[in-house]
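Trainee: would you be able to build a 3D model of this:
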Amino acid sequence: MSLSPIFTCSTSDLYTLAALLGGEMLLGLPDPFPGWLHEEIVAAMQKSQQHLTERGWLAPHPGGGVTMDVLPAALVGAMVQPQSVFLFTISEGSQPPQQQTFYLRPPLTVHLQAVGEDWQLSPLEAAEILPRIEKAWALQGQKAGRGERLEFPQAALERGWAAREQGEAAVLEALRADWLSAAQARLLARLLSGAVRRSAVVALRRRGEGWETDGLAMLAGPAGLWKLRALTRSLEERVEAQPLSASALRADLRALVTRFLPAEVA
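Mentor: Predicted structure coming up:
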């Protein structure tokens, strides 16, 4: 086993390790083989298995099959069969979104983040999840938002966010197809065009054969802090935006994370 508790590999290598451990999917990770034929996927995973063997993470077993090093076995094993998962994304300015994921299978918590084109896995104390998210959200000193509560289609948020760098007028134009009132469209255009940070946390907890999910998101900028909440009306994905103080948003974040922690670490 490596003396370092950190493990780094490609998406293909990660899926290959997960498959060897009996996993069929990894929450929070993109499919490395979208639209590939079965034969192509098998060939790619065989190549990954050879690569992992050359790195010393896998070794041929005398009785057939392979033996996996204890480090990737533990870290990837927690990702394959987690009790709880927290997916955290943050977008700042014009930079591409950054994602971190936390997988909990007590007593192990695994932190996953992108490093260039690879993925880095490392063990983490469960108690560190909330402080890391709070630090990234940078709520300290943020002023509360001002204005009325808004509700709009999820598509409006994405269109407006994509146009924000062209200014408020461009965002307002992007929102014309979403049947918002003139006052709502102006407020949303002001929020999105001025936002410097957009963050979200999606929490998942295993419930029998399925998953319980909830989430929390926020916008921060000159218009202050706004909490975003996903909802569904008449089968349409919508978003509620509510102005909120930093202390209130921090309390909501803490309540969400605490509620979805496994009982062993809550």
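Trainee: separation between the residue nearest to residue 93 when sequence neighbours are not counted and residue 222?
Mentor: Here the nearest residue to residue 93 in space, its sequence neighbours aside, is residue 196; by Cβ to Cβ, 6 or more residues apart in numbering that works out to 6.0 Å. (C-beta placed from N, C-alpha, C; glycine too.) Distance of residue 196 to residue 222, computed by Cβ to Cβ, to the nearest Å: 8 Å.
Trainee: list the contacts of residue 131.
Mentor: Contact analysis of residue 131 by Cβ atoms under 8 Å, 6 or more residues apart in numbering lists nothing.
Trainee: now it, what's its secondary structure?
Mentor: helix (DSSP: H, G, I helix; E, B strand; the rest coil).
Trainee: for the most centrally placed residue in the chain, give me its contacts.
Mentor: For the chain, the residue nearest the mean C-alpha position is residue 87 (2.9 Å; Cα atoms, centre = their mean). Contacts here follow Cβ under 8 Å, 6+ apart; on that basis residue 87 touches 27, 28, 99, 101, 201, 202, 204.
Trainee: and the first one, how many neighbours?
Mentor: Residue 27 is flanked by 15 other residues according to other Cβ atoms under 10 Å.
Trainee: coming back round to it: which residues does the residue nearest to residue 93 contact?
Mentor: 92, 93, 220, 221, 222 are the contacts of residue 196 under Cβ under 8 Å, 6+ apart.
Trainee: how near is it to residue 42?
Mentor: 46 Å.
Trainee: surely residue 165 is in contact with residue 94?
Mentor: Yes. Counting by Cβ atoms under 8 Å, residue 165 does reach residue 94; the two are 6.0 Å apart.
Trainee: look at the two and report which has more neighbours.
Mentor: Higher neighbour count among residue 165 and residue 94: residue 165, with 11 against 7, using other Cβ under 10 Å.
Trainee: show me the contacts for the more buried one.
Mentor: Contacts for residue 165 were tallied using Cβ under 8 Å, 6+ apart; they are residue 94.
Trainee: for it, give its distance to residue 96.
Mentor: Residue 165 is 13 Å from residue 96, by Cβ to Cβ.
Trainee: any chance you could map the strands in the stretch 1-150 of the chain?
Mentor: 7-9, 58-60, 66-68, 84-92, 98-105, 108-115, 118-124, 150-153 (DSSP state E, counting those that start in this stretch).
Trainee: just put those strands in a markdown table and tack on mean pLDDT and distance to residue 15.
Mentor: Supplementary listing: the strands of the stretch 1-150 of the chain in a markdown table, determined by pLDDT from 0 to 100; distance: least, Cβ to Cβ, whole Å:
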| stretch | mean pLDDT | distance to residue 15 |
| --- | --- | --- |
| strand 7-9 | 92 | 10 |
| strand 58-60 | 90 | 14 |
| strand 66-68 | 90 | 14 |
| strand 84-92 | 93 | 17 |
| strand 98-105 | 94 | 15 |
| strand 108-115 | 94 | 13 |
| strand 118-124 | 94 | 10 |
| strand 150-153 | 88 | 34 |
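Trainee: go through those and name the closest to residue 253.
Mentor: Among those, strand 84-92 comes nearest to residue 253, with 10.4 Å by Cβ to Cβ.
Trainee: from the chain's centre, how far out does that closest one sit?
Mentor: On the basis of Cα atoms, centre = their mean, to the nearest Å, strand 84-92 sits 3 Å off its chain's mean C-alpha point.
Trainee: stretch 22-30 too?
Mentor: Using Cα atoms, centre = their mean, the offset of stretch 22-30 from its chain centre is 13 Å.
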